[in-house]
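Asker: have a look; sequence and predicted model below, questions after that.
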Amino acid sequence: MQNRHTTKVSRLTLSLLFAITSSLSINTFASEASTFDPEKITLPKDSKYDWLQLTSYELLKGEIKNLYDDKLEFESDNLDTLYIDWEDVKLLQSHSLVSIGFTDLTTKTGKLLVKDGKSYLDGVEFDRSQILTIIAGGQQESNYWSSKISLGANFRSGNTKQVDYSAIANANRRTTESRYHIDYLGNYSNVDDTNTIDNHRLNTNFDWYISRQFYLRPIFGEVYLDKFKNIDYKATVGFGLGYDVIDTSKVTWSVSGGPAYTYTKYDKVLEGETESEGSAAVVVETIYEWEITDDIDFDALYRVNYGSQDSGGYSHHAVAAFAIELTDIFDLDLSFVWDHISNPQDDADGNTPEKDDYQFIVGFGIDL
């Protein structure tokens, strides 16, 4: 009986000790947790990495790439390239020089610290809301450029020999005060040694900002070739104005236009008809860009050219494209293209080309 009683007492003692120990551990943990204040997190002083803290208090080290349209591109040391809304940035610290573009369209270079709603460039304080763009490094030409190329191809042999290819390429140079854009769209198809598709379009423009949303377009130009529309080449050059209607981290929408001159040289014409035609024109363009998700972007372009009837009359070039991110470098690009000309020129045999051409292009894009 005594042994049983002793055993019961021992078990009761152990239970009480365990309960007391557990209670002390929980209270200690709660006390430590209650003393943690995420507001007191400071960025490490580092000569190798840039540091970023989000409003959710997540802390990342890596490299600042750029800030455009309120979207920060940050290359994390472990998570690769991230695109973060500027409003989600709580703290940002650069370990080396960055170039800051301000809303007054000036540019300064130095080491950046963004903290508590304020910003410091080489220790000099300024209002964070004045930041328009950030480019890693000093004001060097190589830091202003970005480019992308998207290629699609189809090769067949055997009973039918067929080669198809399409290419979409663009390059952009952007600073605080200006931007330059050039793009190319080309398609080629050959079936049993017979050329069935052969068209190419090169477009370029230069914009100079006079305010955050309003810009001058001192020059724009386009060259278009399509012998199946009986166009040996069509060249357009002009100048105009533009306005960024929407400019947020998710959506941008711009409208531009102005007077131009269009010169068209036809591939083949009826006997007695003129081989070329030049006329005054008006060009209007709108571009819409929407970041649907972190991995899917939608871009749309609509460009209208109003010229004389002899030069083709009203024509437009429209593109709607989805870019689906596969990796940091590679995208799957799906593009729908619609080209229209209201008054196509008859060829030497009296055949009238179709007014509309439609294309659906599947390609793999590479960010350079």
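Answerer: Okay, I see it.
Asker: and the strands in the stretch 101-250 of the chain, which stretches?
Answerer: Taking DSSP state E, counting those that start in this stretch as the test, the strands found in the stretch 101-250 of the chain are 107-110, 112-115, 118-121, 124-127, 131-136, 145-156, 162-174, 178-191, 194-209, 214-226, 231-247.
Asker: report the buried residues of the second one.
Answerer: For strand 112-115, the buried set under the neighbour-count rule, 16 or more other CB atoms under 10 Å, comprises Leu112, Leu113, Val114. In short, each C-beta sits where N, CA and C put it, glycine included.
Asker: now Phe298, which residues is it bridged with?
Answerer: Trp290, Phe322 (DSSP bridges).
Asker: contacts made by stretch 236-255 with the rest, please.
Answerer: 69-71, 85-87, 207, 212-223, 256-263, 281, 283-291, 305 (CB atoms under 8 Å, 6 or more residues apart in numbering).
Asker: want to throw the strands of the stretch 101-250 of the chain into JSON lines with distance to Lys48 and mean pLDDT?
Answerer: Listed next are the strands of the stretch 101-250 of the chain as JSON lines, based on distance: least, CB to CB, whole Å; pLDDT from 0 to 100:
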{"stretch": "strand 107-110", "distance to Lys48": "18", "mean pLDDT": "88"}
{"stretch": "strand 112-115", "distance to Lys48": "16", "mean pLDDT": "89"}
{"stretch": "strand 118-121", "distance to Lys48": "20", "mean pLDDT": "88"}
{"stretch": "strand 124-127", "distance to Lys48": "24", "mean pLDDT": "88"}
{"stretch": "strand 131-136", "distance to Lys48": "14", "mean pLDDT": "85"}
{"stretch": "strand 145-156", "distance to Lys48": "25", "mean pLDDT": "82"}
{"stretch": "strand 162-174", "distance to Lys48": "28", "mean pLDDT": "88"}
{"stretch": "strand 178-191", "distance to Lys48": "32", "mean pLDDT": "91"}
{"stretch": "strand 194-209", "distance to Lys48": "35", "mean pLDDT": "91"}
{"stretch": "strand 214-226", "distance to Lys48": "38", "mean pLDDT": "95"}
{"stretch": "strand 231-247", "distance to Lys48": "34", "mean pLDDT": "93"}
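Asker: quick one: closest of those strands to Glu354.
Answerer: strand 214-226 (11.2 Å; CB to CB).
Asker: that closest one packs against which elements?
Answerer: In terms of contacts (3 or more CB pairs under 8 Å, 6 or more residues apart in numbering; DSSP states H and E), strand 214-226 is packed against strand 194-209, strand 231-247, strand 251-266.
Asker: mind doing that once more with 7 Å?
Answerer: Other elements packing on strand 214-226 under the criterion 3 or more CB pairs under 7 Å, 6 or more residues apart in numbering; DSSP states H and E are strand 194-209, strand 231-247.
Asker: now do it: distance to the chain's middle.
Answerer: Distance of strand 214-226 from the chain centroid (CA atoms, centre = their mean, to the nearest Å) equals 20 Å.
Asker: quick one: strands adjacent to that strand?
Answerer: Strand 214-226 sits in its sheet next to strand 194-209 (antiparallel), strand 231-247 (antiparallel), going by DSSP bridges.
Asker: between these, which one is nearest to Asp77?
Answerer: Using CB to CB, the nearest of these to Asp77 is strand 231-247, at 30.6 Å.
Asker: re the thing from before, need the strands paired with strand 214-226 in a markdown table with distance to Ser335, can you?
Answerer: What follows is these, written out as a markdown table (distance: least, CB to CB, whole Å):
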| stretch | distance to Ser335 |
| --- | --- |
| strand 194-209 | 13 |
| strand 231-247 | 21 |
